[in-house]
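Participant: Pasting a predicted model and its sequence here:
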Amino acid sequence: MQLFPCPFCGPREESEFQYGGEAGNLRPDRDVTAERWADYLHMRDNPKGPTREIWVHMTCGEFFAMSRDSVNHKVSGSSVLGDVEHGR
Amino acid sequence: MSASRLAAGGSDIDRDRPLTFTFDGRRVEGFAGDTIASALLAGGQTVVGRSFKYHRPRGIWGSGVEEPNALVDVEGAAGRVPNARATTVQAADGITVRSVNASPTAENDRNAVLDRFARFLPAAFYYKTFMWPDWHLFEPRIRAMAGLGVVDSDWQPRKVSDQVNHHCDVLVVGAGPAGLAAAASAAAAGHSVVLADDGAHPGGSLRHRAGEVDGVEGKAWVEVTVAGLKGAGQLVLSDTTAFGLYDHNLVALNQRHADGRPDTLWRVRPRRIVLATGAIERPVPFANNDLPGILSADAALSYLRRHGVLVGREVVVATNNDSAYEPALALAAAGASVTVVDCRRDGGAQAKTRIRVLAGRTVAAARGRSAVQGVLLDEGTTLAADCVLISGGWTPTVHLFSQAKGKLAWSDQLAAFIPGEAIGEIAVAGAVAGTVSLSDALASGAAAPGDFGSSSPAPRGTGTEATLGVVSLWPKPKARGRVWVDYQSDVTARDVELAARENFVSVEHLKRYTTLGMATDQGKTSNLNGLALLADITGRGIPDVGTTTYRPPFTPVPFASLAGSRRGSMHVPVRRLPLEANHRRAGGVFQEYGGWLRPAYYGGGEADASIQEEARRARQSVALFDGSTLGKIEVIGPRAAEFVDFIYYNTMSTLKPGHCRYGFMLSENGVVFDDGVLVRLDEHRFIVSCSSSHVAAVHARLEEWRQDRFGRDAVYIHNATAQYATLTVSGPNARQVMEALDLGVALDDASLPHMAVAAGRFAGDEVRIARVSFTGDRSYEISIRADRAEALWARMQQEGRAFDAVLLGLESLMILRAEKGYIVIGKDTDGTTMPHDLGVAGPRTKRADEFVGRRSLFTEAANGTDRNRLVGLAVREGEAPLATGAHGVEKRDGRLRSIGFVTSSYQSPALGRPVALALIERGPARHGETIDVQHLGVVRQATIVAPCALDPEGRRLHA
Ligand SMILES: [Zn+2]
């Protein structure tokens, strides 16, 4: 059982969290090609090693960004969603 | 074997407290402090079980968790525990112990004949032989023959297992000398410590091996150290096995209780972990090395010193290392005649004056049928023996280290794998780290806490220090006779050779092909011998062969411990209606629907008839229904209107306050995710009324879009589902009942038309009245504070009496909505259904603004003309309803293919015929067409019609 740091609640067990997707998968503009839209819906990098992901802490309901390593499961930090993740 | 209890001795037992229990129906006497194994040995019980595959007689081999043979079913105060190790379960007065895999008893097992066919039953015999016609034909009989303990299928826990979450600075696993030194060092530095040991008492090897620490006798040092830890408020857990080491320093431990309480599960999250898990003695390979009476030398010493049991009178010790000499000398001193067969030419030089040592010799075979009677040496002579102790070196207990993904390193000096490079805050100490002498064990223990340790000097061994001097003595290919590698899963050296010959040369393949190391002991005594043999056969070094993956649990853990209170009704708790008690009094028969416990129908009668009657009466006058499970998620804020436009497929911002509108929510892939009514209370406040079983998912989705796209301060979302009860009045006489309730609301159609909302009052409480309908009849939903719902429900029933009001269960409601062609998402839709498949194409073609899933509605697949679309199906006059799930079929190019399926199907009492909804290819374009519908091989005909079978003009909504 991993411990994830919710930026709002502190360290909590992984069972309280749900995966929200890879960070940076921004929603494309409305009139994109079908290929671009399919990329947004389905294509993932699934990196081996350092990753940056969106997670949601189900008990407080807040989405946030977390940096962790997909190989050794080390978590290097988490942060409130900012302009980058919002695509602004 | 002639094991017996000595007249004195045994540090663990209390001779003033005798006890008796039964083993295979026979009476066994012991003392408090005995394990089941030590009491069986003391009682002269040589055969304690039968082997897994060949039903060979087996005796006790070890004295702890490594035990491969002595598995027993124990029935005691806590119920029956199957497959318990007799070596780790404390004997108790009155318990019933049965051998496993043996009938009627271990000594007289009727399947023992299997062993005579052993040469026809090599590894993978069953898989190879019973392929035709189908393995499953033979499986039940083979499994019945091969099984171990018997699970009590009626078992109920008398108490629920406790589960404890605990945090500490340092967790030390293993309370031998190294673990104790580690715990003492961390405690002295002021850190919080948990010291866990799987034995009944702390001390590890110091409980039965000679040792002196800082001038004090070993056991006394253990007592003082443990007392010091406890006195300082540290947690010392005995009978507690650390069975799993997981991510982020989580260690799971299972604690057993001698008083009949169920096991306790501990989840400990230390900052630093010290693994002082010791090492396990390995068997020595020779033919028939599995005969009862052949056991670990260290175990024999433990039984002698801890339980006062002498395991034999005429003892041969077969070894390749120095550690066998302390047991040899101790048993000789206790009165046994002892001969050591040491494969080393210079072995046992110091012991020669006191016992007979045959140096440079090995045991080739053991003799005897159901117990060992002697050994045959490599040069051909025989020795008589009633007991053979074997000591083939020590295998460090690296399981937890390896579970943490620690890499192992091969040590030629120890002839074993030891932990390699340290990982994170996990340290190893003592025998698991490869230490041999007591001083080294203590020093490595004291150093293991690292930054959490104290700087005071480590305790030191002050007596004679142990040496090992182990040389390799691995199983060899082409050996004579049957040399057992894995006792518990009955794997011999020949099975390993066969696997290698058939090219299963990867260690993971070897394991699965032969089942080496796959029994409940996970190969604690056998793995290394198996690897070494495979290395020899394939001409590789042992480190090149490598080990199999270590996975939790280290020892079997009862499910009851893992489950804790999450069992039975607490496993997935159902959600309950505020008015459940009222529905029960009214004869409600409850079922679970999407996690909610709801009345399926009312009255004690036959289900189908009751459901039909409810549906029939609902159309005649008036029906009352508890719809409290409907979602009520409030969306509030300056951008709320913009938000709901984005969330819904339908434009919602044009909705006027005081009105509501039906709509779909889509997923980003364009598939319909939920449907329901959106209420607009005022300019900036909406209520999302979503499907009952979907509330949590819809709420999560709203939150995601709110946070991702709109911002925390622009929209606020509150799930108020549980705060309100929603009670519905439906039917031609619904308005009359509503008038009688006197809620202070004008109910004429001009003031409260269909899809309008009003605020009223009931007994001083505000209520919300929404004129929406899931039955197709005029309906009113009244939402009220959940804690005030009872009085309103009573009043509704009272006023309804004059109109012959009927209570609707969920089943009859399903009929009413299906008559109208109203869908249930997930039942009448699947993971491909888009809104235009349900006949709602308007927003797709008309909306210019952006909404969730929009782009997906214009892909090639979404534009396809052969999509499955919602239709109704009519059966021929007088026929029964279609089966839900039946497929529409057609022949194309000679092959039968599915053209969709029935999603809902009921007998309609109002229409006097069946109604059905279905998703059928190009459905709406085929109205009037008759198709074949197939279910369980039976083909019927049905005609495609519009989904709405009753009152297609919608007059009843306003009646
Ligand atoms: Zn949180």
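Facilitator: Arrived safely, thanks for sending. Numbering: from 1, shown residues only, chains lettered A, B, ... in the order given.
Participant: alpha carbons only for contacts and neighbour counts from here, please
Facilitator: Noted.
Participant: Could you show which parts of chain A are in contact with the ion?
Facilitator: A:6, A:8-9, A:57, A:60 (C-alpha under 5 Å from the ion).
Participant: PyMOL command to pick out the buried ones of those?
Facilitator: Applying 16 or more other C-alpha atoms under 10 Å in any protein chain shown to the residues of chain A next to the ion, the buried members can be selected in PyMOL as follows:
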select buried, chain A and resi 6+57
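Participant: could the residues of chain A next to the ion go into TSV alongside secondary structure and pLDDT?
Facilitator: What follows is those, written out as TSV (DSSP: H, G, I helix; E, B strand; the rest coil; pLDDT from 0 to 100):
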residue	secondary structure	pLDDT
A:6	strand	97
A:8	coil	95
A:9	coil	97
A:57	strand	97
A:60	coil	93
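Participant: so where is chain A shaky, pLDDT-wise?
Facilitator: A:83-88 (pLDDT under 70).
Participant: Return the nearest residue of it with respect to chain B.
Facilitator: residue A:2 (5.3 Å; C-alpha to the nearest C-alpha).
Participant: Three-state assignment for the residue positioned nearest the centre of chain A, please.
Facilitator: When chain A is reduced to its mean C-alpha position, the nearest residue by C-alpha atoms, centre = their mean turns out to be residue A:54, at 1.4 Å. Following DSSP: H, G, I helix; E, B strand; the rest coil, we place residue A:54 in the strand state.
Participant: In contact with it, which residues?
Facilitator: For residue A:54, the contacting residues are A:19-23, A:63-66, by C-alpha atoms under 8 Å, 6 or more residues apart in numbering or on different chains.
Participant: beta partners of it?
Facilitator: residue A:21, residue A:65 (DSSP bridges).
Participant: The ion versus that one, what's the distance?
Facilitator: 13 Å (C-alpha to the ion, to the nearest Å).
Participant: Residue B:850 too?
Facilitator: 30 Å.
Participant: Run a quick neighbour tally on that residue.
Facilitator: By the measure other C-alpha atoms under 10 Å in any protein chain shown, the count of residues near residue B:850 is 15.
Participant: pLDDT score assigned to it?
Facilitator: On pLDDT, residue B:850 comes in at 96.
Participant: The helix or strand harbouring residue B:793 packs against which elements?
Facilitator: In this assignment (DSSP states H and E), residue B:793 forms part of helix B:789-800. Applying 3 or more C-alpha pairs under 8 Å, 6 or more residues apart in numbering or on different chains; DSSP states H and E, one finds that helix B:789-800 contacts helix B:734-741.
Participant: Go through the helix it packs on and flag the buried ones.
Facilitator: B:734-738, B:741.
Participant: Tabulate those residues (a markdown table), appending pLDDT.
Facilitator: Below are the buried residues of helix B:734-741 laid out as a markdown table (pLDDT from 0 to 100):
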| residue | pLDDT |
| --- | --- |
| B:734 | 97 |
| B:735 | 97 |
| B:736 | 97 |
| B:737 | 98 |
| B:738 | 98 |
| B:741 | 97 |
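Participant: and residue B:373, what are its phi and psi?
Facilitator: phi -120, psi -10 (degrees, to the nearest 10).
Participant: wouldn't it be in contact with residue B:367 here?
Facilitator: Yes. Under the criterion of C-alpha atoms under 8 Å, residue B:373 makes contact with residue B:367 at 5.5 Å.
Participant: Could I get the full set of helices for the stretch 1-150 of chain B?
Facilitator: B:36-42, B:125-129, B:135-146 (DSSP state H, counting those that start in this stretch).
Participant: swap that for the stretch 801-950 of chain B, sorry
Facilitator: B:810-819, B:842-846.
Participant: Pick the most buried one from these.
Facilitator: Of all the helices of the stretch 801-950 of chain B, helix B:810-819 has the most neighbours on average by mean count of other C-alpha atoms under 10 Å in any protein chain shown, namely a mean of 24.
Participant: And for stretch B:75-83, what's in contact with it?
Facilitator: With C-alpha under 8 Å, 6+ apart, stretch B:75-83 has contacts from B:71-74, B:94-97, B:100, B:148-152, B:155, B:157-158, B:259-262.
Participant: List only buried entries from those residues.
Facilitator: B:71-74, B:95-97, B:100, B:148-149, B:261-262.
Participant: In strands, which of the residues you listed fall?
Facilitator: Of the buried ones among the contacts of stretch B:75-83, the ones assigned to strands by DSSP state E are B:71-74, B:96-97.
Participant: Out of the residues you listed, which is nearest to chain A?
Facilitator: Distances from chain A to those, taken by C-alpha to the nearest C-alpha, are shortest for residue B:71, at 31.1 Å.
Participant: list the contacts for that closest one?
Facilitator: B:49, B:83-86, B:99-100, B:149.
Participant: Columns pLDDT and distance to residue B:904 on top of those residues, output as TSV?
Facilitator: Below are those laid out as TSV (pLDDT from 0 to 100; distance: C-alpha to C-alpha, whole Å):
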residue	pLDDT	distance to residue B:904
B:49	90	57
B:83	89	49
B:84	91	51
B:85	94	54
B:86	96	57
B:99	91	54
B:100	86	51
B:149	76	47
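Participant: Would you format the residues you listed as a markdown table with distance to residue B:27 included?
Facilitator: Shown next, in a markdown table, are those (distance: C-alpha to C-alpha, whole Å):
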| residue | distance to residue B:27 |
| --- | --- |
| B:49 | 17 |
| B:83 | 20 |
| B:84 | 19 |
| B:85 | 19 |
| B:86 | 16 |
| B:99 | 14 |
| B:100 | 17 |
| B:149 | 20 |
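Participant: pLDDT score for the residue of chain B positioned farthest from its centre?
Facilitator: Going by C-alpha atoms, centre = their mean, the residue of chain B most distant from its centre is residue B:750, 59.5 Å out. What the model reports as pLDDT for residue B:750 is 95.
Participant: Just confirm residue B:737 contacts residue B:799, I think it does.
Facilitator: Yes. Assessed by C-alpha under 8 Å, residue B:737 is found in contact with residue B:799 at 6.0 Å.
Participant: Distance check, residue B:441 against the ion.
Facilitator: From residue B:441 to the ion the distance is 44 Å (C-alpha to the ion).
Participant: Under a three-state scheme, what state does that residue occupy?
Facilitator: helix.
Participant: ok now do it, which residues does it touch?
Facilitator: Applying C-alpha under 8 Å, 6+ apart, the residues contacting residue B:441 are B:177-178, B:429-431, B:435.
Participant: can you list the residues that contact stretch B:618-631?
Facilitator: Contacts of stretch B:618-631 (C-alpha under 8 Å, 6+ apart): B:577, B:596, B:617, B:688-695, B:719-722, B:724-734, B:777, B:796-797, B:800, B:803-809, B:910.
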